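Visitor: no FASTA, just this:
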């Protein structure tokens, strides 16, 4: 019973980290074409949020971050 964590049968293997000699892994997007039936303004916001999440390696963003993305697009409250 002296198995190490790496050799244990149920050990977690992080496959996101490429080993030597492999091409870098590109992040898979589950809903890559889900913006097709949105209005142009909403599509612009959705793409900006997706770009923000990719740039900051975030799966989910906070309301504060969403607000910052909206402000970066030039929107403001009158």
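Guide: Done, it's in. Predicted model only: the values in this text are computed from it and were never measured. Residues are numbered from 1 along each chain as shown.
Visitor: What ranges in the protein fall below the confidence cut-off?
Guide: Within the chain, the stretches with pLDDT under 70 are 1-8, 14-33.
Visitor: Longest helix of it, counting residues only.
Guide: Scanning the chain for the helix with the most residues, using DSSP state H, yields helix 40-55.
Visitor: tell me which strands and helices the helix or strand that it is followed by is in contact with?
Guide: Following helix 40-55 in sequence order, the next helix or strand is helix 63-72 (DSSP states H and E). Counting contacts by 3 or more CB pairs under 8 Å, 6 or more residues apart in numbering; DSSP states H and E, helix 63-72 is packed against helix 40-55. Backbone N, C-alpha and C define where each C-beta goes, glycine included.
Visitor: Next, the angle from the longest helix of the chain to helix 63-72.
Guide: In terms of direction (axes from the mean of the first three to the mean of the last three CA atoms, to 10 degrees), helix 40-55 departs from helix 63-72 by 120 degrees.
Visitor: residues making contact with helix 40-55?
Guide: With contacts defined as CB atoms under 8 Å, 6 or more residues apart in numbering, helix 40-55 is touched by 27, 29, 34-35, 38, 58-61, 65-66, 69-70, 72-73.
Visitor: 7 Å instead?
Guide: Outside helix 40-55, the residues that touch it by CB atoms under 7 Å, 6 or more residues apart in numbering are 35, 38, 59, 61, 65, 66, 69, 70, 73.
Visitor: Of those residues, select the buried ones using a PyMOL command.
Guide: In PyMOL, this line selects whichever of the contacts of helix 40-55 come out buried by 16 or more other CB atoms under 10 Å:
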select buried, resi 69
